[in-house]
Each structure stands twice: as C-alpha cells, then as structure tokens.
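> how would this look folded up:
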Amino acid sequence: MAEFDVDLFVIGGGSGGVRAARIAAGHGAKVMVAEEYRMGGTCVIRGCVPKKLFVLGSHVRHEIEDAAGFGWTIPEFSFDWSTLVANKDKEIARLEGIYAANVEKSCARIAKTRAVLEDAHTLRLMTGETVTAKYILIATGGAPNHGREIPGIEHVISSNEAFHLTELPKRIVIQGGGYIALEFAGIFAGFGSDVTVVYRGDNILRGFDEDVRKHVRAEMEKQGITIITGCTIDKVDKHGKEFTTHLSSGSSIASEKVMFAIGRHPNVANLGLEKAGVAINPANGGIAVDEWSKTSVDNIYAIGDVTHRLNLTPVAIREGHAFADTVFGKRSVAVDHATIPTAVFSQPEVGTVGLTEAQARAQVSHVDIYKADFRPIKATMSGRDTRVLMKLVVDGTTDRVLGCHIVGDTAAEIVQAVAIAVKMKATKADFDATIALHPTAAEELVTMRTPTARYVRQAAE
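Residues are numbered from 1 along each chain as shown. Below you'll find the predicted structure:
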C-alpha cells in the first residue's frame with residue numbers, strides 16, 4: 001500500500017496550478033487538483049482574458065469614429081451591453097472546458113471542491129474526503145482588496161462584479177490608479193460611460209516610468225475621463241439606484257456604480273496554513289517562499305499571486321512549471337524574476353520591460369535616455385488627438401539597453417518582442433544596427449540616434 005494517496009496535491013485550478021499539475025503528471029507523478037470555483041482561475045474566469053475581451057470591444061467605438069477620415073460613412077450604430085456579457089461568458093466557458101480537459105488528459109484528477117490543510121501531508125475536502133499527499137502546492141491566487149472599512153463599503157463593486165453587470169452604468173466612479181482601475185476606466189469610457197478615477201497618490205501608475213505616467217494620464221483626460229489624484233473615497237451613500245461618493249477633499253460625485261480597484265491581497269485565509277506550519281511573509285501578507293517556491297515546510301510549495309511576489313499570470317505559469325521540473329523532473333529550475341515585461345491594457349495601452357529612468361539613475365552611474373513623442377500615422381487621417389510615447393533607458397557606460405517603455409496602440413505586442421533583446425542584454429548599438437521596418441511606430445526604437453537626456457551620477461566623496 002502506498003504511503004500517500006497522491007504524489008502531488010494542488011490547491012487551486014488557475015493558470016499556475018494547472019501548469020504545475022500537467023507538467024508533474026507528465027513526469028510520472030500521481031496528481032490531484034482541487035478547485036472550489038471554476039477551472040482557469042482569476043486570469044481566465046474574471047481577470048486578464050475577459051478584461052481583454054472588454055477592452056477590444058470598447059475599441060470599436062473609436063474605430064467607428066476614426067473611420068470618417070478614411071472615407072467611410074457609417075450609419076447610426078448602437079451597442080448592447082447584455083450581448084457583450086453573454087458572448088464573453090460563452091468564451092470563458094469554452095476556455096474553462098479546455099483547462100479542465102487538459103488537466104484530465106494529463107491523467108491528473110480534478111476535485112471540484114475546496115481543500116484545506118489538516119497537517120503537512122493531509123488535506124480535507126469539503127466533500128468529506130480526506131487525501132494524503134507527498135507534496136502539496138498552494139496556488140490559490142489573490143482576491144480584490146477594498147482597503148479600510150468606510151461607511152457604505154457594501155455598495156462598492158470590484159472587478160469581479162464588473163464583468164457581470166446587468167447594464168452599462170451611465171456614470172461610474174473608480175478608486176485606484178493601477179492596472180485594473182485604469183483598464184476598466186478605459187473600458188467603461190469606450191462604451192460611453194462617464195468615468196471618474198480617484199487615486200490617493202500624486203499620479204496614476206505608481207512604479208512605472210514617470211514619462212509613462214504623465215503620458216497615459218494626459219491621453220486619458222483627452223478622452224474625457226476625469227482623474228482626481230491626492231484624494232480618497234471616504235463614504236458612499238445609496239439613493240435608490242444611484243450613489244453619492246464622498247471624497248476626502250470634501251467634494252462628492254453622483255454615479256450609478258462605484259468600483260474599487262486599489263489592489264489585491266493573497267488568498268491565504270482559512271486554508272489551514274497554521275495547522276501545517278506554513279509561514280506568512282510579514283512584508284507582503286503572502287505565503288513566504290524561497291527561490292524554489294518552497295514554503296517553511298519542506299514538502300509544501302506555493303506559486304503565483306498567493307506568494308505576492310510578482311502578480312502576473314505568466315509568472316505563475318513559469319513558477320508552476322519550474323516547481324514541477326524541480327520536484328518531479330529531477331532538474332532544478334529557479335525562476336528569474338528580473339526583466340519581466342508587463343502591459344497595462346489602458347487606453348492608450350502601455351508596454352514596458354526593464355528599468356525605469358529613475359531606477360536606472362539609482363543603479364547606474366551614467367544613463368542615456370532616448371525618447372520619441374509623436375503623432376501616429378493613423379491619427380493624421382482620422383484627426384484623433386493622440387500621441388505615442390517610446391522611450392529607451394540605456395547604460396551610458398556599457399551601452400546596454402536597460403529598459404523600454406511604450407505608450408500607444410499595440411504597445412504590449414511590441415514590448416513582448418523587445419523584451420527578448422533586453423533579456424539578452426542587447427546594446428543600443430544592436431538596436432541602431434537593426435534596419436527599420438517602415439512605416440511603423442516601432443521603427444522609432446531603432447532610429448533614435450541622439451539622446452534626449454544624459455545623466456551622470458557624481459561619486460561620493
């Protein structure tokens with residue numbers, strides 16, 4: 001009789017957990033995955049994928065408006081929110097089925113229920129079943145965090161609920177200045193809602209390059225989105241189907257919906273972590289792990305957003321794959337969390353990889369900046385008031401490209417390719433030696449020859 005029921009038990013059927021389960025099973029492990037909600041996790045069910053579908057849908061209005069400059073006469077058009085939501089639900093259901101099928105094809109077993117730890121090797125399912133495992137992987141992700149308790153917090157929705165609204169709000173107030181807040185601001189504005197963004201900091205997109213932050217804000221405000229910074233929401237009153245949002249500045253805003261997107265917290269509650277001896281990282285509230293994703297308990301690992309290291313779906317997938325290769329594939333693999341590209345599907349879109357200007361100037365003695373701010377070719381015909389930003393951050397001593405930051409259409413697509421060069425430690429000379437692809441916006445990355453700024457850090461005496 002085997003010492004354990006399974007070799008690996010995965011708590012969480014999201015992107016990271018599913019990848020780990022499939023790879024481990026491929027290495028010959030007996031695997032079981034427990035998911036209490038829907039297979040696919042946050043990204044597939046109520047995150048990246050439905051968000052991108054909504055973003056694409058909201059772009060259509062701009063395309064229709066721009067068409068006249070290219071000679072198109074488009075009859076009066078209309079938009080139906082319920083059709084969008086229904087079609088999104090169909091696509092998400094299709095993807096959920098694929099996720100489940102792929103796990104089962106790998107010969108791993110799926111338990112559609114919640115699982116909690118009883119000890120370092122034992123899990124209790126809500127079905128009443130008890131399962132023992134040689135190794136346990138926690139991949140429970142994160143959840144929206146509304147922050148401090150305020151009067152009327154029960155009236156506030158998160159991105160989870162935003163995907164299932166029965167109708168498009170005419171007016172919406174969104175608190176937050178990061179990925180989710182700005183992406184939904186663009187979505188609702190694109191579909192015709194009046195949008196107000198409220199953020200406590202001095203400017204949106206904290207942690208991004210300063211030029212990116214300024215550029216995105218200016219472009220969003222051109223589209224009619226109101227952005228209020230240095231302010232928070234202190235109270236939300238409900239009046240029938242409408243709400244009054246009271247700000248810390250003393251002013252108030254009327255709307256049909258109020259959404260908070262101020263961050264997410266690791267989903268660690270009521271998992272039985274204390275019973276198994278799994279430690280929490282006091283610095284971020286996530287499960288504490290080492291470079292191999294191992295927790296404080298030798299046979300228990302954690303990956304993805306539940307560790308609160310770098311909350312991006314591809315990172316969770318890479319961590320899950322590395323875990324499976326390390327533990328079951330007899331090949332030690334540690335994930336390199338440096339130089340990871342990221343995108344904000346705001347409108348305009350942001351794509352970035354590597355160091356910001358501020359980070360480079362803090363780390364490198366000589367920094368050269370190459371920057372282009374221009375009107376895209378499409379806007380010259382459509383008449384739309386919009387500009388593209390492209391920026392390279394270069395080590396002035398070694399000529400290595402340390403960072404690339406783009407704001408504009410298809411920024412994410414461009415940066416995905418540029419990330420390869422940055423990861424390979426390409427130099428500015430390598431970029432210069434690459435012949436431009438004309439006419440494209442991306443050609444600016446290989447045609448910028450003169451630095452727009454140069455910084456030299458004086459050595460300490």
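
> burial measure for the residue nearest to residue 443 when sequence neighbours are not counted, as a count.
Leaving out its chain neighbours, the residue that sits closest to residue 443 by CB to CB, 6 or more residues apart in numbering is residue 436, at 3.8 Å. Yep, even glycine has a C-beta here, placed from its N, CA and C like the rest. When neighbours are defined as other CB atoms under 10 Å, residue 436 has 12 of them.

> and what of residue 418?
25.

> same question, residue 187
By other CB under 10 Å, the burial measure for residue 187, its neighbour count, is 25.

> Next, it: phi, psi?
Torsion angles at residue 187 (phi, psi; degrees, to the nearest 10) stand at phi -60, psi -60.

> try residue 455
The phi/psi pair for residue 455 (degrees, to the nearest 10) reads phi -130, psi 130.

> That one and residue 362 touch, don't they?
No - using CB atoms under 8 Å, residue 455 is not in contact with residue 362; the gap is 10.5 Å.

> more neighbours, these two?
residue 455 (15 against 11).

> pLDDT score for that one?
For residue 455, the pLDDT comes out at 96.

> Identify the bridge partners of it.
Using DSSP bridges, the bridge partners assigned to residue 455 are residue 367.

> any idea how far it lies from residue 361?
5 Å (CB to CB, to the nearest Å).

> joint contacts of the two?
Counting by CB atoms under 8 Å, 6 or more residues apart in numbering, the contacts common to residue 455 and residue 361 are residue 367.

> Next, the contact list for the residue nearest to residue 443, please.
Counting by CB under 8 Å, 6+ apart, residue 436 touches 443, 446, 447.

> What about those, which are in helices?
The helices, defined by DSSP state H, take in 446, 447 from the contacts of residue 436.

> which secondary structure element contains residue 417?
In this assignment (DSSP states H and E), residue 417 forms part of helix 411-423.

> Name the residues that touch the helix or strand containing residue 101?
Using DSSP H and E, residue 101 sits in helix 81-105. Helix 81-105 has contacts (CB under 8 Å, 6+ apart) with 13, 18, 21-22, 33, 38-40, 44-45, 49-50, 53-54, 57, 110, 163-168, 191.

> hey, C-alpha coordinates of stretch 158-167 in PDB?
The C-alpha trace of stretch 158-167 is given here as PDB (Å, rounded to 0.1, in the frame of the first residue of the first chain):
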ATOM      1  CA  SER A 158     -14.800  45.100  -7.600                       C
ATOM      2  CA  SER A 159     -13.600  43.900 -11.000                       C
ATOM      3  CA  ASN A 160     -15.200  40.500 -10.200                       C
ATOM      4  CA  GLU A 161     -18.700  42.100 -10.300                       C
ATOM      5  CA  ALA A 162     -17.900  44.400 -13.100                       C
ATOM      6  CA  PHE A 163     -17.800  41.500 -15.600                       C
ATOM      7  CA  HIS A 164     -21.400  40.600 -14.700                       C
ATOM      8  CA  LEU A 165     -23.200  43.900 -14.500                       C
ATOM      9  CA  THR A 166     -26.700  43.600 -15.900                       C
ATOM     10  CA  GLU A 167     -26.400  47.000 -17.700                       C
END
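
> roughly how far out does it sit from the chain middle?
Averaging C-alpha positions (CA atoms, centre = their mean, to the nearest Å) puts stretch 158-167 18 Å from its chain's average.

> Please apply the same query to stretch 363-378.
Remark: stretch 363-378 is offset 24 Å from the chain centroid, using CA atoms, centre = their mean.

> Stretch 412-429 now?
Taking CA atoms, centre = their mean, one finds the center of stretch 412-429 at 20 Å from the center of the full chain.

> ok, residues contacting that stretch?
The contact list for stretch 412-429 (CB under 8 Å, 6+ apart) reads 339, 341, 343, 345, 349-354, 368, 370, 392, 394, 398-404, 406, 430-431, 441-442, 445.

> and those residues, which are buried?
Buried members of those, counted by 16 or more other CB atoms under 10 Å: 341, 343, 345, 349-354, 368, 370, 392, 394, 400-404, 406, 431, 441-442, 445.
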